[in-house]
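Student: pasting a predicted model and its sequence here:
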Amino acid sequence: MEKNSKIYIPGHRGMVGSAIVRLLKKEGYTNLLTRTSQQLDLRNQAETEAFFQTEKPEYVFLAAAKVGGIHANNTYKADFIYDNLMIETNIIHQSYRHQVKKLLFLGSSCIYPKLAPQPMKENALLTGPLEPTNEPYAIAKIAGIKLCEAYREQHGCNFISVMPTNLYGPNDNYDLQNSHVLPALIRKFHEAKSENHDAVEIWGTGNPKREFLHVDDLAAACLHLMHYYNDSELVNIGTGEDLTIRELAETVARIVGFSGKLRFDPSKPDGTPRKLMDIGKLKALGFAPSINLENGIKSTYADFLKTSGAPN
């Protein structure tokens, strides 16, 4: 990619897309294409085709997706599979038709089987049943991976796929109804501290283990792979380290300054018992994340305070 290459970032206002835009601008890329969902409905084939015909992007970071936590995935199953299938299908097909030089597709670690051997290697894909609570989203993301593989095999397209672990960072979603666990905990503990509550309720047992990657590290990994990776197999992007939800909650509570009790509700779903990525392939390609969890949560809490207008 040259500094003046025409680079399209669908999903540029989301957490991942905005991190990629920030990094590209910081690195001196000057010809970035962005559209809001009001300007361009990527679920609409005709609109997507017209955009590619007019703008003719050279590179694509496919960060657009409908995302959410366990509650959202369980409640809006049809939306999660339909919206994501339409978005990725339209963008990948038009990237082929309009001769995009390279496309990077962003998947999710939920594509792996619920009981995949830990840490999860890239070849674990399609080796067992998925976690039921986010199966529609996972199936849509698996379809995106297979689309990239098929267009590469049939048409010679340089389309690659990456699988990030659980993400957090600036521009996250803190809505308790459809956010992921880390931003939800930040909001819960902040509100409990502000309102002098003596306890915070947390879904599940607290025993599942999760891995968390700062979104700026993800953006850096994506740019690295855009430069140096051109093969068909997907690439895991994570830290290679995990912790229990209980340990995560205790860390967030300490950083936010909440000193009350943590009450876990075992009647609520835990989700997958463990999701740890094997990042050996990523490291072999010359990349390792640099933001540790403690510092990452501190900066994310500062972002929450700034963007939410919440009092300190």
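Tutor: It's in. Everything numeric here is computed off the predicted structure, so don't read it as measured data.

Student: and the nearest residue to Y8 once chain neighbours are set aside, what does it touch?
Tutor: Nearest non-adjacent residue to Y8, counting by Cβ to Cβ, 6 or more residues apart in numbering: P57, 3.7 Å away. Where you see a C-beta, it was placed from the backbone N, CA and C, and this is true even at glycine. Neighbouring residues of P57 by Cβ atoms under 8 Å, 6 or more residues apart in numbering: 6-8, 33, 95, 98, 100.

Student: and if you look at G280?
Tutor: If you count contacts by Cβ under 8 Å, 6+ apart, G280 has them with K121.

Student: among the contacts of P57, which lie within strands?
Tutor: Under the assignment DSSP state E, the contacts of P57 contribute 7-8, 33 to strands.

Student: that older thread, which of the contacts of P57 count as buried?
Tutor: Among those, those classed as buried by 16 or more other Cβ atoms under 10 Å are 6-8, 33, 95, 98, 100.

Student: tell me which two of those residues sit farthest apart.
Tutor: Greatest spatial distance among these (Cβ to Cβ): I7 and H98, at 14.0 Å.

Student: I7 touches L62, doesn't it?
Tutor: No. Applying Cβ atoms under 8 Å as the test, I7 and L62 come out as separate, 11.7 Å apart.

Student: please enumerate the strands of the chain.
Tutor: Assigned by DSSP E, the chain shows strands spanning 7-8, 32-33, 59-62, 102-106, 159-164, 166-168, 199-203, 209-210, 212-214, 235-237, 243-244, 261-265, 274-275.

Student: how long is stretch 98-117 end to end?
Tutor: 40 Å (Cα to Cα, to the nearest Å).

Student: what is the mean pLDDT for it?
Tutor: On average, the pLDDT along stretch 98-117 is 93.

Student: can you list the buried residues in it?
Tutor: For stretch 98-117, by 16+ other Cβ under 10 Å, it's 98, 100, 102-114, 116.

Student: and which of the residues you listed is nearest T89?
Tutor: Among those, F105 lies closest to T89 (Cβ to Cβ), at 11.3 Å.

Student: point out where the stretch 151-300 of the chain drops to low pLDDT.
Tutor: Within the stretch 151-300 of the chain, the stretches with pLDDT under 70 are 178.

Student: and the helices in this protein, which stretches?
Tutor: Here the chain has its helices, by DSSP state H, at 15-26, 45-55, 70-75, 77-97, 135-155, 181-194, 215-228, 245-256, 280-284, 293-308.

Student: those helices: which one's closest to M120?
Tutor: helix 280-284 (11.2 Å).

Student: give the buried residues for that closest one.
Tutor: Applying a neighbour-count criterion of 16+ other Cβ under 10 Å, one finds 281-282 buried in helix 280-284.

Student: how far does that helix sit from its chain's centre?
Tutor: Averaging C-alpha positions (Cα atoms, centre = their mean, to the nearest Å) puts helix 280-284 19 Å from its chain's average.

Student: what of stretch 93-108?
Tutor: On Cα atoms, centre = their mean, the centre of stretch 93-108 falls 18 Å from the chain's centre.

Student: and the pLDDT for the residue nearest to Y8?
Tutor: P57 is assigned a pLDDT of 98 by the prediction.

Student: how much space separates it from L32?
Tutor: Distance from P57 to L32, counting by Cβ to Cβ, to the nearest Å: 10 Å.

Student: before we move on, what about T48?
Tutor: From T48 across to L32, the span is 18 Å (Cβ to Cβ).

Student: the two: which has the busier surroundings?
Tutor: Set T48 next to L32 and count neighbours by other Cβ atoms under 10 Å: T48 wins out with 22 against 17.

Student: excluding its backbone neighbours, what's nearest that one?
Tutor: N90 (4.0 Å).

Student: circling back: just the buried ones among the contacts of P57 now: which is nearest S161?
Tutor: Taking Cβ to Cβ as the measure, S161 lies nearest S95 of those, at 13.1 Å.

Student: mind listing what that closest one touches?
Tutor: Residues counted as contacts of S95 (Cβ under 8 Å, 6+ apart) are 52, 57, 60, 103, 157, 159.

Student: what's near enough to touch the third one?
Tutor: By that I understand V60. Neighbouring residues of V60 by Cβ under 8 Å, 6+ apart: 7-10, 91, 95, 100, 102-104.

Student: tell me which two of those residues sit farthest apart.
Tutor: Between any two of the contacts of V60 (Cβ to Cβ), the greatest distance is 14.6 Å, for P10 and K102.

Student: re earlier: which neighbours do P57 and L32 share?
Tutor: 7-8.

Student: export the strands of the chain to JSON lines and tack on distance to E153?
Tutor: Shown next, in JSON lines, are those (distance: least, Cβ to Cβ, whole Å):
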{"stretch": "strand 7-8", "distance to E153": "23"}
{"stretch": "strand 32-33", "distance to E153": "27"}
{"stretch": "strand 59-62", "distance to E153": "18"}
{"stretch": "strand 102-106", "distance to E153": "15"}
{"stretch": "strand 159-164", "distance to E153": "10"}
{"stretch": "strand 166-168", "distance to E153": "29"}
{"stretch": "strand 199-203", "distance to E153": "41"}
{"stretch": "strand 209-210", "distance to E153": "34"}
{"stretch": "strand 212-214", "distance to E153": "29"}
{"stretch": "strand 235-237", "distance to E153": "18"}
{"stretch": "strand 243-244", "distance to E153": "39"}
{"stretch": "strand 261-265", "distance to E153": "47"}
{"stretch": "strand 274-275", "distance to E153": "29"}
